[in-house]
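**Q** how would this look folded up:
(chains A and B)
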Number of protein chains: 2
Amino acid sequence: MNPVKVGVLGLGTVGGGTVYILQHNAKEIARRAGRGIVVTHACAKEIKKNLPYDTDSIKITEQLDDVVTNPEIDIVVELIGGTTLAKEMVLKAIAHGKHVVTANKALIATCGNEIFAAAQEKGVMIAFEAAVAGGIPIIKAIREGLSANRIQWVAGIINGTSNFILTEMRDKGREFGDVLAEAQRLGYAEADPTFDIEGVDAAHKLTIIASIAFGIPLQFDKVYKEGITKITPEDVIYADTLGYRIKHLGITRWTDKGVELRVHPTFIPCRRLIANVDGVMNAVAVQADAVGQTLYYGAGAGATPTGSAVVADLIDVVRALTTDPENRVPHLAFQPDSLLSDLPILPIEEIETAYYLRMHALDKTGVLAQVATILSQHGISIEAVIQKEPTNKAASVPIVMLTHKVVEKHLNQAIAQIEALEGIEGQVARIRIETL
Amino acid sequence: MNPVKVGVLGLGTVGGGTVYILQHNAKEIARRAGRGIVVTHACAKEIKKNLPYDTDSIKITEQLDDVVTNPEIDIVVELIGGTTLAKEMVLKAIAHGKHVVTANKALIATCGNEIFAAAQEKGVMIAFEAAVAGGIPIIKAIREGLSANRIQWVAGIINGTSNFILTEMRDKGREFGDVLAEAQRLGYAEADPTFDIEGVDAAHKLTIIASIAFGIPLQFDKVYKEGITKITPEDVIYADTLGYRIKHLGITRWTDKGVELRVHPTFIPCRRLIANVDGVMNAVAVQADAVGQTLYYGAGAGATPTGSAVVADLIDVVRALTTDPENRVPHLAFQPDSLLSDLPILPIEEIETAYYLRMHALDKTGVLAQVATILSQHGISIEAVIQKEPTNKAASVPIVMLTHKVVEKHLNQAIAQIEALEGIEGQVARIRIETL
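**A** Numbering: from 1, shown residues only, chains lettered A, B, ... in the order given. As a prediction, the model looks like this:
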């Protein structure tokens, strides 16, 4: 059979990785797919010298339209990034009957509903394995591997930069800002790291995970987002002392009242496998009714790990070319007409979890009793308390508590009262706890 | 669309789990697959009362042929087990144009080449996700999720019984035989546990993994098999002391000389994620050129975990019904005409690994020097040594060593010489080390 012709938009890190894999593993890929998959066109502003892949066989253009509307091309790989030009090009590719593979999590999370509708209309496929957790085939695992199950929750370390920073803070007792600066030097974090450290990137990925887990439309604007900027070395040490690790998780859970959709730092018992996923690595744990808990671990970013997911998608698309469009795996795992559009997304105030609380007391004996009384009045049970002797010079002494489960709005009320106490200095720090 | 009709051979643990899931999650499954999947016929000797699923809607028969040759049935689920009757029935189902889903690892590992050839001839699908690592979608991950990669090695905890026994031995300092008896009482281990504890079950699964990882025919008879029966509480303690865990692994690795295919207890550094997979759980680590290392964790056995894999396969088969047979995912991941039949499988003597060695010396000072000399003469470097003071009553003192990498036949020669030393009592125990 003739090779399938692919056009790539963007020859940066992931684009380069994708072309490299398609060339370097061409024989293995053809042995699997039954036919070759060849990049014939690519759109790039400039081509660097000494690339690890051959560009002579690729027609390089600066015009996106040369690829997107090119009748020779079967599949377009979108690696432009962002949600403006990328969206325009993906919709144009669809309109021209091209299948699209993308690694663009922001695009899928914010414009996916519109893109999938357009694709369905045209009978083309949009594949986006690379958009979540890089090289880990987590979209495939949830969408196909666990298709027998009612999924109960998914919790993932899905931002490598945040995980790298938290790991360094724990292993070396470093400050957040210090590690962030190093991560930027190493290229793990962008010059503008907001998307990573404020939880926006993780929220994009969680939006996609929740949709394919529960069969709901993509609802990025409803994700609760909290990053790791407020985590202190103190918190990291207390977590260890209490038998926990702090990880930045994306969590989505099916409840009777609606779907939880939240991204925030989380205490996890240190014996859980996911608590031991360190550095830039990603991992996603899935709890489902038939299979129980499964976990998927691997590199969440990088040229060839992300390229691995892009190329796997290309092979999947090639295989499904002859499949009746109605029988293909639906974009969001469930048939488009069966998505649950009315299912509420719970506001963070309605979510029930346990908490780690850290506060500074000026007068330790009386204050502890006052704090305990306030918590009790709001129906919040205390699971553990650490209160150390004050050091000589310190004006205040830290009090650390773990609570049992409580609805967040009740905790908020309690915290407001605690912060108003004369004996409490400053704000109460809180980190949600998940036993997973 | 009309529901797809399924006939199930065997309503035991996995058969029951499969029917339960198809009924209990019928709505979710139809939302995903776009049509219903219904068990209309089942073959069973007797039907118990108070089952958690409805049997009134299923035509129960004692005659396998009533299912296998039934023109009403689209897909046959084989859960008979074994390799005689099961093989006959699977081949008959294929001959009658049925697609087959099976959880039978022994059947696929030993008769898969013949079965897939028959299926290809008839244009039907054989799906076997449930045959390896129960509910973990590892076949799908390797065969489709990592299809861009050259896979370098796969190492898995793929026998839950062995992992349960090793975990208990470590956590509670118990003896092998004692834990085995308990595992049998708990139903984790069969009355005849040979397949589990001698590595046969793991070898079946490893055979399948190696084929889909490297594109080689199934070659069960070439797997090196070693079980956990010789592991002592002493070994477990030394492993801990040295920073390792003992796990029973199936390992397959691509080398320039051929493919390694081996099942044996293994020292793994305790910081590796897979070293922390405990109890009856399974996990498979895959090293591949583009994506690096990924890991897949979950329940390797049980009614609904295994049923989860069977039902996922059913959904996959339903989706591929309209796919041109040549474009379907090949049974062994690679196109049948591109399987590497000539690739040698390395005998265990040719494999290079590091080793843990434990021996008992009668006269510690001189013997250690003699042992070190013998190892050195065979080009074997020592990485670590533990030799403790003899207790008052002991006639001998244990010497424990970790070696650097060595080809196994050279180690065998050295061990033969060490065992012949007058100062060494009994045999030298050895466990292979993998850093993964």
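
**Q** Let me see the contact set for the closest residue to A:Gly366 other than its chain neighbours.
**A** For A:Gly366, ignoring the flanking residues on the chain, the nearest one in space by CB to CB, 6 or more residues apart in numbering or on different chains is A:Gly423 at 6.2 Å. Every C-beta, even on glycine, is put in place using the N, C-alpha and C of the backbone. Contacts for A:Gly423 were tallied using CB atoms under 8 Å, 6 or more residues apart in numbering or on different chains; they are A:Ala361, A:Leu362, A:Asp363, A:Gly366, A:Val367, A:Gln370.

**Q** and the next element down the chain from the helix or strand hosting A:Leu357?
**A** Using DSSP states H and E, A:Leu357 sits in strand A:352-361. Moving toward the C-terminus from strand A:352-361, the next helix or strand (DSSP H and E) is helix A:364-377.

**Q** what packs against that following helix?
**A** strand A:352-361, strand A:382-387, strand A:397-403, helix A:408-419 (3 or more CB pairs under 8 Å, 6 or more residues apart in numbering or on different chains; DSSP states H and E).

**Q** Identify the residues contacting that helix?
**A** With CB under 8 Å, 6+ apart, helix A:364-377 has contacts from A:359, A:361, A:381-382, A:385, A:387, A:390, A:397, A:399, A:401, A:403, A:414, A:417-418, A:421, A:423-424.

**Q** care to break chain A down by domain?
**A** A:4-136+A:303-338, A:139-299, A:348-433 (automatic domain parsing).

**Q** Mind putting those domains into TSV with mean pLDDT?
**A** Converted to TSV, the domains of chain A look like this (pLDDT from 0 to 100):
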stretch	mean pLDDT
domain A:4-136+A:303-338	96
domain A:139-299	96
domain A:348-433	93
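
**Q** can those domains go into TSV with extra columns for distance to B:Arg35?
**A** Shown next, in TSV, are these (distance: least, CB to CB, whole Å):
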stretch	distance to B:Arg35
domain A:4-136+A:303-338	9
domain A:139-299	13
domain A:348-433	36
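
**Q** which residues sit in contact with A:Met89?
**A** A:Met89 neighbours (CB under 8 Å, 6+ apart): A:Leu9, A:Leu64, A:Val68, A:Val76, A:Glu78, A:Ile80.

**Q** C-alpha coordinates for the helix or strand hosting A:Thr304, PDB please?
**A** If you go by DSSP H and E, A:Thr304 is part of helix A:303-319. Extracted in PDB, the C-alpha atoms of helix A:303-319 (Å, rounded to 0.1, in the frame of the first residue of the first chain):
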ATOM      1  CA  ALA A 303      10.600  15.800  22.300                       C
ATOM      2  CA  THR A 304      10.500  12.000  21.800                       C
ATOM      3  CA  PRO A 305       8.100  11.100  24.600                       C
ATOM      4  CA  THR A 306       5.400  13.500  23.300                       C
ATOM      5  CA  GLY A 307       6.400  12.500  19.700                       C
ATOM      6  CA  SER A 308       5.800   8.900  20.700                       C
ATOM      7  CA  ALA A 309       2.100   9.800  21.500                       C
ATOM      8  CA  VAL A 310       1.800  11.800  18.300                       C
ATOM      9  CA  VAL A 311       3.100   8.900  16.200                       C
ATOM     10  CA  ALA A 312       0.900   6.400  18.000                       C
ATOM     11  CA  ASP A 313      -2.100   8.600  17.100                       C
ATOM     12  CA  LEU A 314      -0.900   8.700  13.500                       C
ATOM     13  CA  ILE A 315      -0.800   4.900  13.400                       C
ATOM     14  CA  ASP A 316      -4.300   4.700  15.000                       C
ATOM     15  CA  VAL A 317      -5.700   7.100  12.500                       C
ATOM     16  CA  VAL A 318      -4.200   5.200   9.600                       C
ATOM     17  CA  ARG A 319      -5.700   2.000  10.900                       C
END
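
**Q** which other helices and strands contact that helix?
**A** By 3+ CB pairs under 8 Å, 6+ apart, helix A:303-319 packs against strand A:4-9, helix A:13-24, helix A:26-33, strand A:37-43, strand A:75-78, strand A:99-102, strand A:126-127.

**Q** Chain B is nearest to which of those?
**A** Nearest to chain B among those is helix A:26-33 (4.1 Å), distances taken as CB to the nearest CB.

**Q** A:Pro269: what's it in contact with?
**A** A:Gly243, A:Tyr244, A:Ala275, A:Thr435, A:Leu436.

**Q** Name the nearest of the contacts of A:Gly423 relative to chain B.
**A** Looking across these and measuring by CB to the nearest CB, the closest to chain B is A:Ala361, at 37.5 Å.

**Q** I'd like the helices and strands packed on helix A:364-377 written out as a markdown table, with mean neighbour count and distance to B:Glu121 added.
**A** Converted to a markdown table, these look like this (neighbours: other CB atoms under 10 Å in any protein chain shown; distance: least, CB to CB, whole Å):
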| stretch | mean neighbour count | distance to B:Glu121 |
| --- | --- | --- |
| strand A:352-361 | 21 | 56 |
| strand A:382-387 | 14 | 63 |
| strand A:397-403 | 20 | 63 |
| helix A:408-419 | 18 | 61 |
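
**Q** could you dump the ones you listed to CSV with distance to chain B?
**A** Output for the helices and strands packed on helix A:364-377, formatted as CSV (distance: least, CB to the nearest CB, whole Å):
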stretch, distance to chain B
strand A:352-361, 23
strand A:382-387, 24
strand A:397-403, 23
helix A:408-419, 29
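
**Q** okay, the ones you listed in JSON lines with distance to B:Arg174 next?
**A** Shown next, in JSON lines, are the helices and strands packed on helix A:364-377 (distance: least, CB to CB, whole Å):
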{"stretch": "strand A:352-361", "distance to B:Arg174": "34"}
{"stretch": "strand A:382-387", "distance to B:Arg174": "31"}
{"stretch": "strand A:397-403", "distance to B:Arg174": "33"}
{"stretch": "helix A:408-419", "distance to B:Arg174": "43"}
